[in-house]
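A.B. asks: Just need the structure, nothing else, for what follows:
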Amino acid sequence: MSIILKAEKLNKFFHEPDKFQVLNNISIDIIKSEFVTINGKSGCGKSTLLYLLSTLDTDYKGTITINDTVVTGLSQNQLARFRNKNIGFVFQFHFLLPEFTVLQNVMIPAQRLGIHSEKEIRELANEKLKLVGMDTFGHKVSSKLSGGQQQRVAIARALINEPTIIMADEPTGNLDSANAQTIFNIFKELSTAKGHTIIAVTHDQDFAKNSDRTIHMMDGQIVDN
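C.D. replies: Here you go, the predicted structure:
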């Protein structure tokens, strides 16, 4: 088993309105192709931890290594390119561009990465949409989709650059139980059949208990994993 992400002694402070330690000496290892959920009450620090692990937040003490690259200390430009190639993001709110078609939304990260032709990007986008059961919706404007459909498109967009890790923040938070189960099944398939590593913050107990491993947090610390 190879470690794809290692976090060592992470400490994070908020400074407004008063100095407050939100993460306290967090160390975790994530194994390649593992489906990990991070669970805990609101305010425990789980989303803050995810943002550190995803390199979106660089204001912390400690070290994060992803795919054998120490990302701590890299410049913002270096981190942006690293993220685009190695990490796919799925949020509670899908953040699709409402006036763009489904296909156009999925293509955007690959266009930014700039290593494939437009034809290749279109083919990749259709492939990822098929993976999440949305390939027949490619030319539909994203604002016309249901919430569950939009989240599936957001997953396809997260997959377009073949990231090794998918990071998700409350991916089922706005969905009913049927759509939440669909999203879980997609993540499970991506992990077991496609080899993607999934790290998902969730309040959904059913979502968490069916993942490979749940990291429980309380008051800025890991209490069980």
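
A.B. asks: The most centrally placed residue in the chain bridge partners, please.
C.D. replies: Central residue check for the chain by C-alpha atoms, centre = their mean: the C-alpha nearest the mean position is that of residue 167, 1.6 Å away. With DSSP bridges as the criterion, residue 167 is bridged to residue 89, residue 199.

A.B. asks: Can you show me the strands along the protein?
C.D. replies: Ranges of strands in the chain, per DSSP state E, are 3-14, 20-31, 35-39, 61-66, 69-70, 87-91, 165-169, 197-201, 213-218, 221-224.

A.B. asks: residues touching the closest residue to residue 171 other than its chain neighbours, list them.
C.D. replies: Among residues not flanking residue 171 along the chain, residue 90 sits closest, at 4.9 Å (C-beta to C-beta, 6 or more residues apart in numbering). Using the backbone N, CA and C atoms, a C-beta is placed for each residue, glycine as well. By C-beta atoms under 8 Å, 6 or more residues apart in numbering, the residues touching residue 90 are 151, 154, 155, 158, 166, 167, 168, 169, 171, 200.

A.B. asks: Could you rerun that using 7 Å?
C.D. replies: Taking C-beta atoms under 7 Å, 6 or more residues apart in numbering, we find residue 90 in contact with 154, 155, 158, 166, 168, 171.

A.B. asks: Report the separation between it and residue 122.
C.D. replies: Counting by C-beta to C-beta, to the nearest Å, the separation of residue 90 from residue 122 is 22 Å.

A.B. asks: got it, and residue 107?
C.D. replies: According to C-beta to C-beta, residue 107 stands 7 Å off from residue 122.

A.B. asks: which of those two has more neighbours?
C.D. replies: For residue 107 versus residue 122, neighbours defined as other C-beta atoms under 10 Å are more numerous around residue 107 (24 against 17).

A.B. asks: Let me see the contact set for residue 124.
C.D. replies: Applying C-beta under 7 Å, 6+ apart, we find residue 124 in contact with 110, 116, 160.

A.B. asks: for residue 188, same thing?
C.D. replies: residue 35.

A.B. asks: Taking their axis directions, the longest helix anywhere in the chain and strand 197-201 sit at what angle?
C.D. replies: What stands out as the longest helix in the chain, according to DSSP state H, is helix 177-192. Here helix 177-192 points in a direction 150 degrees away from that of strand 197-201 (axes from the mean of the first three to the mean of the last three C-alpha atoms, to 10 degrees).

A.B. asks: So which bits of helix 177-192 are buried?
C.D. replies: For helix 177-192, burial by neighbour count (16 or more other C-beta atoms under 10 Å) applies to 179, 180, 181, 182, 183, 184, 186, 187, 190, 191.

A.B. asks: So what does residue 195 have for phi and psi?
C.D. replies: For residue 195, the backbone dihedrals (degrees, to the nearest 10) come out as phi 80, psi 10.

A.B. asks: quick one on the thing from earlier: kindly calculate the angle that the longest helix of the chain makes with strand 87-91.
C.D. replies: Direction vectors for helix 177-192 and strand 87-91, defined by the same axes, to 10 degrees, enclose an angle of 170 degrees.

A.B. asks: ok now helix 177-192, how far from the chain's centre?
C.D. replies: On the basis of C-alpha atoms, centre = their mean, to the nearest Å, helix 177-192 sits 14 Å off its chain's mean C-alpha point.

A.B. asks: now do stretch 217-225
C.D. replies: That offset, for stretch 217-225, works out to 20 Å (C-alpha atoms, centre = their mean).
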